[in-house]
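A.B. asks: Sequence first, predicted model second:
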Amino acid sequence: MPNASAVSWPPLWLLLLSPAAASPTGTPMGSPGSPACPEACACAPGGQVNCSGRALSEVPDGLSPRARDLLLDRNRVRALPPGAFAGAGALLRLDLRDNGLRRVHARAFWGLGALQRLDLGANQLEALAPGTFSALRALRSLSLAGNRLARLEPAALGALPLLRALSLRDNELSALAPGLLAGLPALRALRLRGNPWACGCALRPLCAWLRAHPRPAPEAETLLCVSPERLTLRPLTAFPDAAFSHCARPLAPRDLLVIYALGPLCFLASLAACLALGVVVTACRARRQRAAARAPRRRPPSAGPRGAPPADPGSPAAAAAGT
């Protein structure tokens, strides 16, 4: 009878190197279709999810909570709905270039509080809703280059305290809205080339920012006015603050506070004065009417010949008139 210990078993190292031992499901981790990677995408160690150029019409489902880098460029994602990236809260970089993107919901980026780099370049965005980027408090780089933005409101960007680089190149901006740059205290790199800048009073905040943040000469020389005609092709950096002396300065926060506080008070005071005056006038009229109602009515005397006093009843003329 053969000894049980003599039975031949595969060497242990062969078991460790077999594909079945490396992956219980038989599918390498991170390959397309695996639980850690969306279908039609390729995933790599370190959290990169590569969905570039896959003709996708929407953000793929099944993003891993460990994903750090999501590449969605060169697809057909035309709109971003609310919570488009739910479950991917650890993303650090998101690339959405060249998708023909037209609409971004104000809550599309909710849940991406760790995101540091966002690229929305080469799309067809014409406007951004207020609060679009307000959830991205860790954002350091934002590209909106190559879109159709004619105006960018401060409410769309919100307060981004860590944003250092903002690209607005090749849009349709003629000026930056007041207060836009004030909400970006860490901004150091601002790309503006390729916009039809109108050098008027609305450009004053931008010119002041450019003077405070000098840039290389070749880049500064490409920021030119296209209107009005007398300032055409003049660099934006050539305008000192004295050039805007004819423009009305924006009100300081203290002045705005005084206006907002006194305005309603003055309105209420004038309304109370009008009501009091109306009450006094109404009371005077009522008093006059009551006095007229209590006064005795006098019977007018009988009329005699024109220009003659009334006749005495006992006089001969009155007796003759009686006969």
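C.D. replies: Yep, it's here.

A.B. asks: where does the protein dip in pLDDT?
C.D. replies: By pLDDT under 70, the low-scoring segments of the chain are 1-35, 216-221, 229-231, 233, 246, 248-260, 262, 296-323.

A.B. asks: Would you mind naming the residues that bridge with the residue nearest to Gln48 when sequence neighbours are not counted?
C.D. replies: Closest residue to Gln48 apart from its sequence neighbours, by Cβ to Cβ, 6 or more residues apart in numbering: Asp69 at 4.3 Å. Placement of C-beta: from N, CA and C, glycine included. Asp69 has these beta-bridge partners by DSSP bridges: Gln48, Arg93.

A.B. asks: wait, Asp69 sits on Ala114?
C.D. replies: No: with contacts counted by Cβ atoms under 8 Å, Asp69 stays clear of Ala114, the gap being 12.0 Å.

A.B. asks: The residue nearest to Gln48: what's it in contact with?
C.D. replies: Neighbour list for Asp69: 46-49, 91-93 [criterion: Cβ atoms under 8 Å, 6 or more residues apart in numbering].

A.B. asks: Would you point out the most distant pair within these?
C.D. replies: Longest distance between any two of the contacts of Asp69 is 12.9 Å, between Gly46 and Leu91; criterion Cβ to Cβ.

A.B. asks: Are there residues contacting both of the two? Which ones?
C.D. replies: Residues touching both Gly46 and Leu91 (Cβ under 8 Å, 6+ apart) are 68-69.

A.B. asks: Which one of those two is surrounded by more residues?
C.D. replies: Set Gly46 next to Leu91 and count neighbours by other Cβ atoms under 10 Å: Leu91 wins out with 24 against 10.

A.B. asks: Common neighbours of Asp69 and Ala114, please.
C.D. replies: 91-92.

A.B. asks: how about the helices of the stretch 51-200 of the chain, start to end?
C.D. replies: Counting by DSSP state H, counting those that start in this stretch, one finds helices in the stretch 51-200 of the chain at the ranges 154-157.
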